[in-house]
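Enquirer: dropping the sequence and predicted coords here.
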Amino acid sequence: MPLPKLSKLELQIMEVLWQRGPCSVREIQESFPARKRPAYTTVQTMVYRLEVKKAVRRTKKIATALIFEAAVSREAAERRLIDDLLSVFGGKSRPIMAHLIESGALTLEDVREAEQALLKIAGEEKSE
């Protein structure tokens, strides 16, 4: 099953669940900074949408509060976002890499790690 496409607020809700584990809607809503805290009903609607998308699932009910947990891993969501970004550039990573370099977001250590990963993949392909 393909991973669902997630909005910015949905990703923020997922981040709470990835960091804290299972939470109620109220706990998710209260985890947002007070100045930027969405309304309880907004968070509730988004959690229910995430449930329909199968990104979260209900784990239990405590009194009247439903408890939700992430059903999609952070890594899987990150991969989906990166794949979506690459598709904007026709699958080409150079414009993205150029921006990361120019903005200073890509460090020499990042490049070395990427090089090691590429060498490992190349070695695996040769041995097949």
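Expert: Thanks, I have it.

Enquirer: helices along the protein, start to end?
Expert: Applying DSSP state H to the chain gives helices spanning 8-20, 25-30, 40-52, 74-88, 94-103, 108-127.

Enquirer: and these as TSV, adding distance to F68?
Expert: (C-beta placed from N, C-alpha, C; glycine too.) Converted to TSV, the helices of the chain look like this (distance: least, CB to CB, whole Å):
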stretch	distance to F68
helix 8-20	7
helix 25-30	7
helix 40-52	6
helix 74-88	15
helix 94-103	33
helix 108-127	34
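
Enquirer: what's near enough to touch the residue nearest the centre of the chain?
Expert: What sits nearest the mean C-alpha location of the chain, by CA atoms, centre = their mean, is A77, with 3.9 Å. Applying CB atoms under 8 Å, 6 or more residues apart in numbering, we find A77 in contact with L3, L6, L11, M14, A55.

Enquirer: got CSV for those residues, with neighbour count and distance to S24 too?
Expert: Below are these laid out as CSV (neighbours: other CB atoms under 10 Å; distance: CB to CB, whole Å):
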residue, neighbour count, distance to S24
L3, 17, 25
L6, 21, 20
L11, 16, 19
M14, 23, 15
A55, 24, 17
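
Enquirer: distance of the nearest residue to L100 once chain neighbours are set aside from A98?
Expert: Spatial nearest neighbour of L100, chain neighbours left out: L106 (3.8 Å); criterion: CB to CB, 6 or more residues apart in numbering. For L106, the distance to A98 (CB to CB, to the nearest Å) stands at 10 Å.

Enquirer: can I see the domain layout of this protein?
Expert: Residue ranges for each domain of the chain read 1-92, 93-128, as given by automatic domain parsing.
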